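Visitor: Mind looking at a prediction? Sequence and model below.
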Amino acid sequence: MDTIASLFSFITWPVSWVIVQFHKLYGAIFGPDTGWAWGLSIVSLVVLIRICLIPLFVKQIKSTRNMQVLQPKMKAIQERYKSDKQRQSEEMMKLYKETGTNPLSSCLPIIAQSPFFFALYHVLSAIASNKKIGVIDQSLLDSARQAHIFGAPLAAKFMDSADKVEALGASLTDVRVVTAIMIVMMSASQFFTQRQLMTKNVDLTVKTPYMQQQKMLMYIFPLIFAGMGINFPVGVLVYWLTTNVWTMGQQMYVINQNPTPGSKAQEQYLGRLLKSVTAHGEVRGRTRRNTVKRIVSKGPDRNDIERKFVTGLAKLGLAPQEDGTVVKSDTAVAEAEGGAAQRRQQPKRQTKAKRQTTAGHPGGGKDADSGESESKTSLEKSAPQDDKPKPAGKPASGSSRQAKSGQRKGPQRPKHPSKK
């Protein structure tokens with residue numbers, strides 16, 4: 001870890017400068033040598049960095065959604081070109097280019113944070129070794145070494161020896177208890193953040209291997225961070241726990257205000273929006289109007305949740321407009337009522353057993369009636385034409401008598417002499 005942190009030594013000066021500026025502010029309130037002053041300085045560093053990374057976070061959300069939408073198409077390409085890996089890669093890149101999706105965008109916030117994370121680790125390691133670094137001079141170094149968070153020094157680690165912890169003015173038990181609690185909180189916040197994304201903000205109609213991978217990562221990532229956490233100084237644990245809590249709150253806000261189409265979060269959001277429209281008779285807020293505008297622009301491509309929302313508006317006598325507003329419309333009410341009546345009037349589909357029973361009893365129901373009418377028609381058509389007048393004085397021929405008795409028409413073969 002120290003070797004990796006040294007690679008980002010070029011950024012230790014600005015990181016240390018920011019921490020010192022915040023320390024001056026909090027030191028005037030809580031005292032310069034307290035853990036509150038140095039701990040809140042690290043927390044403020046995290047908040048400042050995350051505010052600067054908000055555009056990247058928005059890009060990450062969009063990329064994650066696009067990847068979810070593209071999963072069926074990606075799966076089709078893999079199945080189609082499973083024997084040609086090069087063609088498969090070309091088609092994948094073409095799909096990404098056409099949709100404007102970058103698979104690496106989902107990792108941008110983590111990648112952008114990593115230099116600051118390792119720079120802070122480098123600064124705290126120098127404090128633990130009693131070395132000046134960046135703008136932290138000897139007086140600030142002594143102040144930082146005296147700062148404790150719930151009895152644990154900022155530079156202490158879970159795996160440190162008792163002698164090293166005693167040199168920082170603390171006990172090994174206090175350090176391990178505090179670091180263990182922080183590691184558990186860090187892993188739990190990571191798990192809850194990923195679980196919130198998987199259970200609420202995922203289109204449940206799309207079942208792909210990507211979803212299974214995300215579900216696995218939900219359990220793997222917390223274990224990875226827990227394993228790494230035992231080698232982090234207390235100050236770095238404060239940094240990582242703060243950034244996890246920030247991510248969790250930021251994601252919760254995005255899920256509540258701009259959920260993924262087809263997800264459970266969208267159903268809850270549109271339910272709240274429908275209640276608001278019912279109470280006020282209009283769509284309040286620019287974000288909500290943009291949501292209605294997107295639903296209207298989809299037209300017949302709306303999902304079931306969005307159709308349910310439009311139907312709910314129609315029952316209230318309201319019709320959504322292209323600008324995101326709603327207007328009163330009697331036509332919408334009539335269409336909603338007519339659609340409901342039509343759904344009620346549709347006959348239920350018979351089961352296979354009932355269809356077989358009906359087919360086995362031709363005398364029942366409509367089949368019997370149709371059978372009787374068909375038999376009557378056939379009898380009428382096959383009745384002999386006896387209405388025509390027969391010529392007088394000519395007896396009926398044998399062929400006509402045989403025809404009447406059901407024998408075949410035409411000349412008959414003579415009987416054998418032995419049978420006469």
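Guide: Looks like it came in fine.

Visitor: gap between the helix ranked longest in the chain and the chain center?
Guide: The longest helix of the chain (DSSP state H) is helix 172-200. Relative to its chain's centre, helix 172-200 lies at 24 Å (C-alpha atoms, centre = their mean, to the nearest Å).

Visitor: What residues does the nearest residue to Val18 once chain neighbours are set aside make contact with?
Guide: Sequence neighbours aside, Leu45 is the residue nearest to Val18 in space, at 5.5 Å (criterion: C-beta to C-beta, 6 or more residues apart in numbering). For glycine as for every other residue, the C-beta is placed from the backbone atoms N, C-alpha and C. Leu45 sits next to Val15, Val18, Ile19, Phe22, Phe116, Leu120, Tyr239 when contact means C-beta atoms under 8 Å, 6 or more residues apart in numbering.

Visitor: change it to 7 Å
Guide: Contact partners of Leu45, counting by C-beta atoms under 7 Å, 6 or more residues apart in numbering, are Val18, Ile19, Phe22.

Visitor: If you rank those by neighbours, which is first?
Guide: Most neighbours among the contacts of Leu45, by other C-beta atoms under 10 Å: Ile19, with 24 neighbours.

Visitor: now for the helix or strand where that one lies, which elements pack on it?
Guide: According to DSSP states H and E, Ile19 maps onto helix 12-30. In this structure, helix 12-30 packs against helix 35-52, helix 108-128, with contacts taken as 3 or more C-beta pairs under 7 Å, 6 or more residues apart in numbering; DSSP states H and E.

Visitor: let's see 10 Å
Guide: Packing partners of helix 12-30 (3 or more C-beta pairs under 10 Å, 6 or more residues apart in numbering; DSSP states H and E): helix 35-52, helix 108-128, helix 138-146.

Visitor: all helices for the stretch 251-400 of the chain, in order.
Guide: In the stretch 251-400 of the chain, the segments counted as helices under DSSP state H, counting those that start in this stretch are 264-280, 286-298, 304-315, 330-345, 352-360, 365-382, 398-404.

Visitor: what comes up buried for the second one?
Guide: If I follow you right, that is helix 286-298. Residues Arg288, Arg289, Thr291, Val292, Lys293, Ile295, Val296 are the ones in helix 286-298 that count as buried (16 or more other C-beta atoms under 10 Å).

Visitor: what's the answer for the third one, then?
Guide: Residues of helix 304-315 classed as buried by neighbour count (16+ other C-beta under 10 Å): Ile305, Glu306, Phe309, Val310, Gly312, Leu313, Ala314.

Visitor: pretty sure Tyr269 contacts Ile295?
Guide: No - using C-beta atoms under 10 Å, Tyr269 is not in contact with Ile295, being 11.4 Å away.

Visitor: anything in contact with each of these two?
Guide: Counting by C-beta atoms under 10 Å, 6 or more residues apart in numbering, the shared contacts of Tyr269 and Ile295 are Ile305, Phe309.

Visitor: returning to that earlier point: just checking, which of the helices and strands packed on helix 12-30 sits deepest inside the structure?
Guide: Ranked by mean neighbour count, the helices and strands packed on helix 12-30 are led by helix 108-128 with a mean of 21 (mean count of other C-beta atoms under 10 Å).

Visitor: helices or strands up against that helix?
Guide: Using 3+ C-beta pairs under 10 Å, 6+ apart: helix 108-128 touches helix 2-7, helix 12-30, helix 35-52, helix 54-80, helix 138-146, strand 152-153, helix 234-257.

Visitor: Could you single out the most deeply buried of these?
Guide: Among the helices and strands packed on helix 108-128, ranked by average contacts under mean count of other C-beta under 10 Å, first place goes to strand 152-153 (a mean of 28).

Visitor: what's downstream of it, the next helix or strand?
Guide: Using DSSP H and E, the next helix or strand after strand 152-153 towards the C-terminus is helix 162-167.

Visitor: mind checking pLDDT for Arg307?
Guide: Arg307 carries a pLDDT value of 91.

Visitor: residues contacting it?
Guide: For Arg307, the contacting residues are Ile295, Lys298, Pro300, by C-beta under 10 Å, 6+ apart.

Visitor: Kindly reformat these as TSV containing distance to Ile110 and pLDDT.
Guide: TSV is the format used below for the contacts of Arg307 (distance: C-beta to C-beta, whole Å; pLDDT from 0 to 100):
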residue	distance to Ile110	pLDDT
Ile295	33	90
Lys298	33	85
Pro300	39	85
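
Visitor: Going by distance to Met92, which of the residues you listed wins?
Guide: Nearest to Met92 among the contacts of Arg307, counting by C-beta to C-beta, is Lys298 at 26.4 Å.

Visitor: I'd like to know how far that closest one sits from Gln257.
Guide: 19 Å (C-beta to C-beta, to the nearest Å).

Visitor: Give me the mean pLDDT for the longest helix of the chain.
Guide: In this model, helix 172-200 has an average pLDDT of 89.
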